[in-house]
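1. need coordinates for the following:
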Amino acid sequence: MSSGWNVKGDPHETPKADGSVDPWHASGIIESASGTRLTSYHAYPNGLVVFSKTRYGQVQVPVAESSSSQAAQTIQNTQPQSAQAATTKLTWRLNAQGYPEWWNGQQWVQGQYFSEHQKWMAWYERQWYEYQS
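-> As a prediction, this is how the structure comes out:
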């Protein structure tokens, strides 16, 4: 078996014990060449990848918005720090499921819920933004 990313199961939302919901995501594992599990991850439609082991942190990967758009962004190491999160600039609304989403200039994008901060946030233009209800 070669090392790499393996996606397990279909994309889904996950209810949490605190009543919040981990938004729609794919989950999987990363294994070494010998098949040893290194970490698991959740990958979200907006390009955010959250690893289960904190030493791997989180990354924001480029996401093409359409077949004609270019994903020219570089991978950003991200650690959402609520003390560094902006609370203005983005336009937010609640979607049909009651989750916050923000306008990226072309479409509505569901925010990401971070249980460690108990906040909905968005990664936009190299900065975290916090949803304020």
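2. let me know the pLDDT of Trp123.
-> On the pLDDT scale, Trp123 is placed at 80.
3. quick check: which ranges of the protein have low pLDDT?
-> Residues of the chain meeting the criterion pLDDT under 70: 1-9, 64-88.
4. again, 80 this time
-> 1-11, 56, 62-89, 114-117, 125-128, 133 (pLDDT under 80).
5. so which residue is dead centre in it?
-> Centroid-nearest residue in the chain, with CA atoms, centre = their mean: Leu48, separated by 3.2 Å.
6. check contacts around it.
-> By CB atoms under 8 Å, 6 or more residues apart in numbering, the contact set of Leu48 is 58-60, 78, 112, 123. Glycine gets a C-beta too; all of them are placed from N, C-alpha and C.
7. which one (most neighbours) among these?
-> The most neighbours of any of the contacts of Leu48, using other CB atoms under 10 Å, belong to Gln112, which has 24 neighbours.
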